[in-house]
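Asker: test case, fold it:
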Amino acid sequence: MVTDHRLASIDSRTFAAGRDANPLVIVPVGALEAHGPHLPLGADILQAEATAQELAARLEAWVAPTLAYGSCPGAREFPGTVSLSLATLEAQARGVLSEFARQGIRRIVVLSGHAERGHMAALREAAAETMRSHPAARIAVLSDYDFVYELRGLDAPPTDGHGGLLETSRVMAIAPATVGPERPVVAYRASRFVPGAPTPEEWPESVIGDTRGASAELGAKIQAHVLDRLVTEIRSILPA
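Answerer: Purely as a prediction, here's the structure:
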C-alpha cells in the first residue's frame, strides 16, 4: 500500500506516466503565525500537511510541496508571525499553479490550513487567473477551516476561533508533541469593520476562545469530519 503521496518523492518518469491518468494534485498552504502560548507557529502548516496526506490516501492523489507562508495581518504584531502581502501570496500561488497546469495537471486542490479572508481571496484569484490562462485546468480552493467551523455551536461555543478549542484539539490529535501545557481563555474584542491589526487591548493573545476543554479525542473527531467533508466536496467539484 502506498503511504507516501508526496510529489517530491517521485521521479520525473513516474510523474509523466501518472499524469496520463488525470491525477488530482493537492497543494497545501500554511502560514507561520502566532497561535498563543500553547500552539506552534506552524500550526496551520502542520494541519494542512496532515490533512493533505490523509486526503491523498483516500482519493489516490499527489501532494505537492507546501506553500508555507501566508497573509496574516491580524496576528502580524505577535512575535514569530511572518505575513506576506496579498500581492506576494497571489503571485507565488499563481506561479506554482500555472506551472502544474503547464505540465498537464488538470485537477488541482489548493488546501489552506490558514483561513483569513484576504489570504483566501489571494489564493482564489491565483487559481482564477491560472484557469483563465490554462482552460483545461480546474482548480478548487478550500480551507479545512471551512469545515472545522461547521462544528461551532455543536462541539465548541459559537464564538470559538483562531487557536481556540477546535484548533487546539485538532493540533493535539495531529501533532501532540507540539502542543504546550497552557490553556488560554481569550475574548476577541476588535470589530471586523475596522481595518488593520487589533490592538493589544482588543486581542491580548493570538487566540479566540476558551481552550480549557481541548482534547486529542475531540481533535480526532474534528479531523474525521473535515476529511469526510473534503472528500465529498472534491469528488463533486473535480471528478476523475
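Asker: for the protein, what spans make up the strands?
Answerer: With DSSP state E as the definition, the chain shows strands at residue ranges 24-29, 62-63, 107-112, 138-143, 185-186, 209-210.
Asker: list the buried residues in stretch 209-218.
Answerer: If you call a residue buried by 16 or more other CB atoms under 10 Å, then stretch 209-218 has these buried ones: 209-211, 214, 218. Where you see a C-beta, it was placed from the backbone N, CA and C, and this is true even at glycine.
Asker: distance check, Leu59 against Tyr145.
Answerer: 20 Å (CB to CB, to the nearest Å).
Asker: neighbours around the closest residue to Thr66 other than its chain neighbours, how many?
Answerer: Spatially, and ignoring its direct neighbours in sequence, Thr66 is nearest to Pro28 (4.4 Å; CB to CB, 6 or more residues apart in numbering). By the criterion of other CB atoms under 10 Å, Pro28 has 26 neighbours.
Asker: can you pull the contacts of the closest residue in space to His119 that isn't next to it in sequence?
Answerer: Once flanking residues are discounted, His119 sits nearest to Ser71: 4.2 Å by CB to CB, 6+ apart. Under the criterion of CB atoms under 8 Å, 6 or more residues apart in numbering, the contact list for Ser71 reads 31, 83-86, 89, 116, 118-119, 122.
Asker: mind giving me the ChimeraX select for these, buried ones only?
Answerer: The following ChimeraX line selects those of these that are buried, judged by 16+ other CB under 10 Å:
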select :31,83,84,86,89,116,118,119,122
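Asker: tell me the one of the contacts of Ser71 nearest Tyr149?
Answerer: Distance to Tyr149 across the contacts of Ser71 (CB to CB) is lowest for Glu116, with 12.9 Å.
Asker: report the angle between the biggest helix by length in the chain and strand 138-143.
Answerer: Secondary structure of the chain per DSSP state H: the longest helix is helix 216-237. Helix 216-237 and strand 138-143 are oriented at 160 degrees to each other (axes from the mean of the first three to the mean of the last three CA atoms, to 10 degrees).
Asker: show me what counts as buried in helix 216-237.
Answerer: 218-219, 221-223, 225-227, 229-230, 234.
Asker: likewise for stretch 43-62?
Answerer: In terms of neighbour count (16+ other CB under 10 Å), stretch 43-62 has its buried residues at 43-57, 59, 61-62.
Asker: stretch 189-199 now?
Answerer: Residues of stretch 189-199 classed as buried under the neighbour-count rule (16+ other CB under 10 Å) are 197-198.
Asker: if we can go back for a sec, pretty sure the residue nearest to Thr66 sits against Ala52.
Answerer: Yes - with contact defined as CB atoms under 8 Å, Pro28 counts as touching Ala52 (4.4 Å).
Asker: shared neighbours, the two?
Answerer: Common contact partners of Pro28 and Ala52 (CB under 8 Å, 6+ apart): 63, 66, 111.
Asker: low-confidence ranges, this protein, go.
Answerer: For the chain, the stretches with pLDDT under 70 are 1-3.
Asker: distance check, the residue nearest to Thr159 when sequence neighbours are not counted against Leu238.
Answerer: Computed as CB to CB, 6+ apart, the closest residue to Thr159 that is not its neighbour in sequence is Gly209, at 6.5 Å. Gly209 is 33 Å from Leu238, where distance means CB to CB.
Asker: I appreciate the help and will end here.
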